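Participant: Just to be clear, the model below is a prediction. Sequence and coordinates:
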Amino acid sequence: DSGVTQTPKHLITATGQRVTLRCSPRSGDLSVYWYQQSLDQGLQFLIQYYNGEERAKGNILERFSAQQFPDLHSELNLSSLELGDSALYFCASSVAPGTTYEQYFGPGTRLTVT
Amino acid sequence: AQRVTQPEKLLSVFKGAPVELKCNYSYSGSPELFWYVQYSRQRLQLLLRHISRESIKGFTADLNKGETSFHLKKPFAQEEDSAMYYCALTPGGTSYGKLTFGQGTILTVHP
C-alpha cells in the first residue's frame, strides 16, 4: 500500500453540479499531483502543489481548481460539471517536487457525470 | 510540448516468450523516461526509470535518443506480467516532476 488515500472512491453527480475530491499524501510527502484519466485523453497531468503552493499547471480547465492545505492534504474542486468530465481522477504524492522523487499514486476517484 | 506514444493498445504473448512494449517520445530537450505499471485491482506504480539503468522484475528499458524511443523488454514473459503498462516522460533537470503519459498498453501473457 503506497499510503496515498483518496475519497470518495466513487462519485455520481449531475451536469452543472460541483464536487470536491480529496487526497491525503503519504506521510512525509510534501508534493501532491492531480491527474485525470479519461477514455479519450488518457492519463493527463492537471496540477501540482508543493508544501501548500502551486508548483506546476497542466491541462486543467478553468472550471477546476485545487489547493493544498497546511496539513498537506489536497482537494480538487470541479464545478459546472459536464458529461465529458466523467473520468478517473488520480492523486499522487512525492517527498518533494522534481524528477528525482518517485510519485506514489492513490487508488483514484471515479467521477460519473450524468 | 512533449508527447509520448505507445503504438500498441493491446499486446498478447505466451508465457516464456519475449515481450517488447514500444514507447516513442517527442521532446526537444533531455527527457527523463519512466515505465509505470498497473496490475489488476492495484494502483499505478513505478516499474523503472531510465536513469537508474536497472532491471526490475526482469524488465529493462533503454533510452535511445536517436530514435527517441524507450521500449520495455523482457526476455521471458510470465503470467504475472499481465497488466497495463504506461510509458511516461518528464522534462529533465527541472524541479517539477509532472508526468506526460502515453495511452498505455495492455499486456496479456497466456499460459
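Facilitator: Looks like it arrived, so ask away. Numbers count the residues shown, from 1 in each chain, chains lettered A, B, ... in the order given.
Participant: Up against chain A, what does chain B have?
Facilitator: B:32, B:43-46, B:86, B:90-104 (Cβ under 8 Å from any Cβ of the partner chain). Backbone N, C-alpha and C define where each C-beta goes, glycine included.
Participant: Get me the contact residues on chain A for chain B.
Facilitator: Residues of chain A lying near chain B (Cβ under 8 Å from any Cβ): A:2, A:4, A:31, A:33, A:35, A:42-45, A:48, A:55-56, A:58, A:90, A:94, A:97-99, A:101-108.
Participant: Quick one: buried ones out of the residues you listed?
Facilitator: Among the residues of chain A next to chain B, those classed as buried by 16 or more other Cβ atoms under 10 Å in any protein chain shown are A:2, A:4, A:31, A:33, A:35, A:42-45, A:48, A:55-56, A:58, A:90, A:94, A:97-99, A:103-108.
Participant: Roughly how far does residue B:37 sit from residue B:80?
Facilitator: Distance of residue B:37 to residue B:80, given as Cβ to Cβ, to the nearest Å: 11 Å.
Participant: Between these two, which has more neighbouring residues?
Facilitator: Neighbour count, other Cβ atoms under 10 Å in any protein chain shown: between residue B:37 and residue B:80, residue B:37 has more, with 22 against 10.
Participant: residue ranges with poor pLDDT in chain A?
Facilitator: A:1-2 (pLDDT under 70).
Participant: how does it look with 90?
Facilitator: Low-confidence segments of chain A, defined by pLDDT under 90: A:1-2, A:39-42, A:56, A:59, A:95-102.
Participant: what sits up against stretch B:8-21?
Facilitator: Residues from elsewhere that reach stretch B:8-21 (Cβ atoms under 8 Å, 6 or more residues apart in numbering or on different chains): B:6, B:22, B:35, B:71-79, B:81, B:85, B:87, B:103-111.
Participant: Buried ones only from these, please, as a ChimeraX command.
Facilitator: Provided next is the ChimeraX selection string for whichever of the contacts of stretch B:8-21 are buried by 16+ other Cβ under 10 Å:
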select /B:6,22,35,71,72,74,77,81,85,87,103,104,105,107,109
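Participant: Specify the beta-bridge partners of the residue most central in space within chain A.
Facilitator: Centroid-nearest residue in chain A, with Cα atoms, centre = their mean: residue A:34, separated by 3.2 Å. Judged by DSSP bridges, the bridge partners of residue A:34 are residue A:47, residue A:91.
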